[in-house]
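Participant: predicted structure and sequence below. I'll ask about it afterward.
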Amino acid sequence: MTQEEKGWRPVYRIVCRIPAGQVATYGQIAAMSGMPRAARQVGWALAALGEEDDVPWHRVINAQGEISPRGGPEAVDLQRALLKSEGIEFNRRDRIDLDRYCWLPGSRKTKSAKKAAKKSAHKNPQTRRGSAR
């Protein structure tokens, strides 16, 4: 693990807490990791994961409820299949209903983190290019 990847451990710890059948946004994870407005860095952290890493990267989506395109259509197809296998449904616009599926741990801090993530998403649209993670 590189020095940079060690710095992403808080991101990985939080992503590992997302239950099957629920999702979180990049911005939400950033805020919960103590890196508000750093959604793109969460994407980089997830992209750095290897096949052997046991982090449910597929449960992290953008603030519009969409899978962020990266690495080609096969990566999007894999993420969609993993989410569907956990019972998550996509609407006709290929979006996930965040009101229904978004993970919200019980603390106030986390709820405000979700609001902050939604606000920052409108200012900074998140798209990533790179690997399937």
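Facilitator: Arrived safely.

Participant: could you use CA atoms for every contact and neighbour count after this?
Facilitator: OK.

Participant: what about the helices in the protein?
Facilitator: Secondary structure of the chain (DSSP state H): helices at 3-7, 9-17, 26-32, 39-47, 73-85, 98-101, 108-123.

Participant: buried residues, the shortest one. List them.
Facilitator: To tie it back to what came earlier, the one meant is helix 98-101. Of the residues in helix 98-101, 98, 101 count as buried by neighbour count, 16 or more other CA atoms under 10 Å.

Participant: try the fifth one
Facilitator: If you call a residue buried by 16+ other CA under 10 Å, then helix 73-85 has these buried ones: 75, 76, 79, 80, 82, 83.

Participant: which one of the helices of the chain has the lowest average pLDDT?
Facilitator: Mean pLDDT is lowest for helix 108-123 among these, at a mean of 46.

Participant: now do the contacts for the spatially most central residue of the chain.
Facilitator: For the chain, the residue sitting closest to the mean C-alpha position, by CA atoms, centre = their mean, is residue 60 at 2.0 Å. By CA atoms under 8 Å, 6 or more residues apart in numbering, the contact list for residue 60 reads 15, 23, 24, 25, 26.

Participant: list the beta-bridge partners for the second one.
Facilitator: According to DSSP bridges, the residues that bridge with residue 23 are residue 102.

Participant: read off the pLDDT value for it.
Facilitator: At residue 23, pLDDT is 98.

Participant: give the contact list for it.
Facilitator: Applying CA under 8 Å, 6+ apart, the residues near residue 23 are 59, 60, 61, 98, 101, 102, 103.
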